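>>> This is the structure alone, sequence omitted:
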């Protein structure tokens, strides 16, 4: 599938989809609970469904009633399926499912699609091994087979991506003994804050020393719960950036500015570049209005998912924008630093790469044949830039938006965007 995008003025209101990160955490915690949990406003997307099918494959009861997900947990008594568990394109589900499967005393194999099988899992597998789990893997990547039960103990945890730590934190309460998780540096801290907020909500006991050490008491349990998933700031980023383009204005609805999601920082980035931002916390509404944009230096360590959209917007700014301190952007669905440099280059925008940064030289982008590389955030970022480029921008692998934002094209058109979906 491809998107064909032409220049257009973006003015309108959009309801932000539910948070992927919250949805997946809610699914796994519900499956570990000792009762029936209700998840309201879940993210209906490929990634959300991957999490749901993953826990179902390992014994959780799953039922969808009027759009709500009802999950019957098994209290950590995992059932080993006869075939590998396929997490599809969901990297978060992949990493969470490895720890989930480690609670079982029979071997379980976790696999995924080609993109997910290329992503690093080794540091998490090493940590699980240190906690008493038997591991077999394809060079530290999926497919991987784990056999528990996880006993507990002490391990170092690689902090290059927060998903390793979040996976361990969610499942450590069900280990036989206490787990001590030590880190030497951590990227994406807000995602760990989100995980800890879920543990706090569920009454899980743990001690911490900042982000350097976490001690989680073993032999705990999760109780049944009902929760409503808030809007996704990562998905909101694309329409926020569209609103920041001179002449545009977008109203985003369903955003809780008190939530733990790190990508709420996007609005500060846009203001720093010159856009106007108005936040109504009571209405959970944010209005972004475009103005002349200037290049800035931004630290995206806490917000790696914002890099593609911010790179696209930076192409329209005066001067150079540095999107830095974000080495983990290279181990997402794609190497997003390299991929965005490559695709912006096709549109006439000069970029420079650093190991942990992307420098974008603002200019006048020209519509071109570009590829989303099967990465949902790259596809949507190229679409937003296409709306402000001269000529037609054709984006390959546009079907990737279904991973987190299935209604993207429809919502884009509703705000005045000129986009055609072609097979």
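Great, that's in hand. Quick caveat, the model's predicted, so the values are computed rather than measured.
>>> Show the contacting residues for residue 372.
378, 379, 382, 395, 396, 397, 398, 400 (C-beta atoms under 8 Å, 6 or more residues apart in numbering). Where you see a C-beta, it was placed from the backbone N, CA and C, and this is true even at glycine.
>>> now these in TSV, with distance to residue 32 and pLDDT?
Converted to TSV, those look like this (distance: C-beta to C-beta, whole Å; pLDDT from 0 to 100):
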residue	distance to residue 32	pLDDT
378	33	98
379	33	98
382	38	98
395	39	98
396	39	98
397	34	98
398	36	98
400	30	97
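>>> In helices only, show me those residues.
378, 379, 382 (DSSP state H).
>>> Find me the pLDDT at residue 37, would you?
According to the prediction, residue 37 has pLDDT 98.
>>> Around it, count how many other residues there are.
Using other C-beta atoms under 10 Å, residue 37 is surrounded by 24 other residues.
>>> Next, the buried residues of stretch 254-262.
254, 255, 259, 260, 261, 262 (16 or more other C-beta atoms under 10 Å).
>>> and it, average pLDDT?
Rounded mean pLDDT across stretch 254-262 is 97.
>>> Distance across it, terminal residue to terminal residue?
16 Å (C-alpha to C-alpha, to the nearest Å).
>>> Off-centre distance for it?
Relative to its parent chain, stretch 254-262 has a centroid offset of 14 Å by C-alpha atoms, centre = their mean, to the nearest Å.
>>> Give me the contact list for it.
So stretch 254-262 is contacted by 15-16, 19, 21-22, 188-191, 193-194, 197, 230-234, 236, 264, 279, 281, 284-286, 302-303 (C-beta under 8 Å, 6+ apart).
>>> re earlier: name the nearest of the contacts of residue 372 relative to residue 59.
Of all the contacts of residue 372, residue 400 has the smallest distance to residue 59: 30.3 Å, by C-beta to C-beta.
>>> residue contacts, that closest one?
By C-beta under 8 Å, 6+ apart, the contact set of residue 400 is 372, 374, 375, 376, 378, 379.
>>> Looking at those, which is nearest residue 73?
Checking those against residue 73 with C-beta to C-beta, the nearest one is residue 376 at 29.3 Å.
>>> ok, back up a step: just the ones in helices from the contacts of stretch 254-262, please.
21, 22, 189, 190, 191, 193, 194, 197, 233, 234, 236.
>>> Most neighbours among those residues, which one?
Neighbour counts for the ones in helices among the contacts of stretch 254-262 (other C-beta under 10 Å) peak at residue 233, which has 29 neighbours.
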